[in-house]
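S.K.: I would like to see how this sequence folds:
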Amino acid sequence: MSDAAPHPLAIRDFRFYWVARLASTIAQMSMVIVIGWQVYDIARRTMDLHHAALQLGLIGMVQFVPLFVLTLVTGLTADRVDRRWIARATIALETFCAATLGWLSWHGATTLPSLFAIAALLGVARAFAGPALGALAPNLVPRETLPRAIALSSMSWQAGAIAGPALGGYLYAISAATPYLVSCALFALSLTCMLLIRPVPRTDMGRGRNPWKQMVDGLHYVRRNKLVLGAISLDLFAVLLGGATAMLPVYARDILHAGPAGLGNLRAAPALGATLTAAWFAWRPLKHDVGVKMLAAVGVFGAATIGFGLSRFMPLSLLCLALLGAADMLSVFVRQSLIQLYTPDEMRGRVGAVSSLFISASNELGEAESGFLASAVGPVVAVVGGGIGAIGVTLLWAWIFPELRRARTFDPPAEPITA
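M.R.: Next up is the predicted model:
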């Protein structure tokens, strides 16, 4: 990457994109923390710890199912429809979800079914937003600026993931409706910024072609490109097993006894580590031995998960979560850069949809797996076992996908890395 490349924030439309993503992420994470707390708190009034933990698993499942069902559709949509309008529509849907939960909370009418229904709608919004936003960023900056833009984009998400949980916890202490009302305002800001982004060039996909074949092309591309497949699937299985964040309400309420404010701090700690790492990459982009560093980062992620699972001391728990977030950010940065730079623009929406499916499987499905496992063997065993599993996956993937070890830089090879 040339040092003469313009800084992403010097580009008008990328600035609006960055602010839009920051504001929407703060709103999303504020809602997520409150939804998780309300689900677990309501469940604990009538259920024991194991059955209440199961509800946390189910809330992850209802967010994953829409993404799983809609993956092929959302990817094709991101390649055929103006990506700006997809993002605008999803932000509008999220605004509706925040307003609905705000109204229910204001009137004391929040129930488990209502929380599950809104979580499903948020899953639909994220299913369409992920591929569109991921594919939009490369359209806003020159190619040589893209790795730095990815770091900044990730930093906006992680900064929002720091502020959102803490903000949600503190606002919830004022009233149950306050975090949702503030989220509405933040979504409005995000929507305004997205409306200010000017039209971007789009690649002609050949609209006369069979839409079903176009949807499946994304899956075929990922399957053939071993480096992209290895990077995406590594994240899937490592985070699927090491889903410590799903157990944070349990740790905050029943293990660390920290309450909703402490839960906000626990949720913010991984994002703090991730943001500092993303800021470093925005200043000093990663250039060499990117594949080996990604594998090492996933191994550190597993070790930090084990440390958190065993900790009973709040500062140590926060430190482990911050290290977990930093390691995850390094992995995310490398994975996203490889996917964006190794994928042609006309395929980015569909490949992004496959990537979003894997990410959601690792996050939401990982939360479901952690909740179900915790209900069977307890939260501590579930978290520690997941960390051990993540380390095992890293070692296995280093052997199955040697392309990851051989990836030295972000520059694509002259010939695609295929089977």
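S.K.: residues of stretch 135-145 that come out buried?
M.R.: Judged by neighbour count (16 or more other CB atoms under 10 Å), stretch 135-145 contains these buried residues: 135-141, 145. For glycine as for every other residue, the C-beta is placed from the backbone atoms N, C-alpha and C.
S.K.: scratch that, stretch 314-324 is what I was asking about
M.R.: Within stretch 314-324, the residues that qualify as buried by neighbour count (16+ other CB under 10 Å) are 314, 317-324.
S.K.: check contacts around A188.
M.R.: Contacts of A188 were listed using CB atoms under 8 Å, 6 or more residues apart in numbering, and they are T95.
S.K.: before we move on, what about A119?
M.R.: Residues 35, 59, 62-63 are the ones in contact with A119 under the rule CB under 8 Å, 6+ apart.
S.K.: make CSV out of those residues and add neighbour count, pLDDT and secondary structure.
M.R.: Formatted as CSV, the entries for the contacts of A119 read as follows, by neighbours: other CB atoms under 10 Å; pLDDT from 0 to 100; DSSP: H, G, I helix; E, B strand; the rest coil:
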residue, neighbour count, pLDDT, secondary structure
I35, 23, 90, helix
I59, 26, 80, helix
V62, 19, 84, helix
Q63, 26, 77, helix
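S.K.: max pairwise distance over those residues: which two?
M.R.: For those, with distances taken as CB to CB, the pair at the greatest spread is I35 and V62 (10.8 Å).
S.K.: how near is the residue lying closest to G169 once chain neighbours are set aside to L276?
M.R.: Sequence neighbours aside, G264 is the residue nearest to G169 in space, at 2.7 Å (criterion: CB to CB, 6 or more residues apart in numbering). When CB to CB, to the nearest Å is applied, the distance between G264 and L276 equals 18 Å.
S.K.: now H50
M.R.: Taking CB to CB as the measure, H50 falls 36 Å from L276.
S.K.: shouldn't Y40 be within a helix?
M.R.: Yes. Judged by DSSP: H, G, I helix; E, B strand; the rest coil, Y40 forms part of a helix.
S.K.: and the strands in the stretch 301-419 of the chain, which stretches?
M.R.: Here the stretch 301-419 of the chain has no strands by DSSP state E, counting those that start in this stretch.
S.K.: state the number of residues packed around the residue nearest to G169.
M.R.: Burial measure for G264: 30 neighbouring residues, criterion other CB atoms under 10 Å.
S.K.: isn't it up against A166?
M.R.: Yes. Counting by CB atoms under 8 Å, A166 is a contact partner of G264 at 4.3 Å.
S.K.: what sits closest to R198 if chain neighbours are left out?
M.R.: The shortest distance from R198 to any residue that is not its chain neighbour, by CB to CB, 6+ apart, is 5.8 Å, and that residue is D13.
S.K.: residues contacting the one you found?
M.R.: Contacts were defined as CB under 8 Å, 6+ apart; by that measure D13 touches 140, 197-198, 200.
S.K.: helix, strand or coil for it?
M.R.: Under three-state DSSP, D13 comes out as helix.
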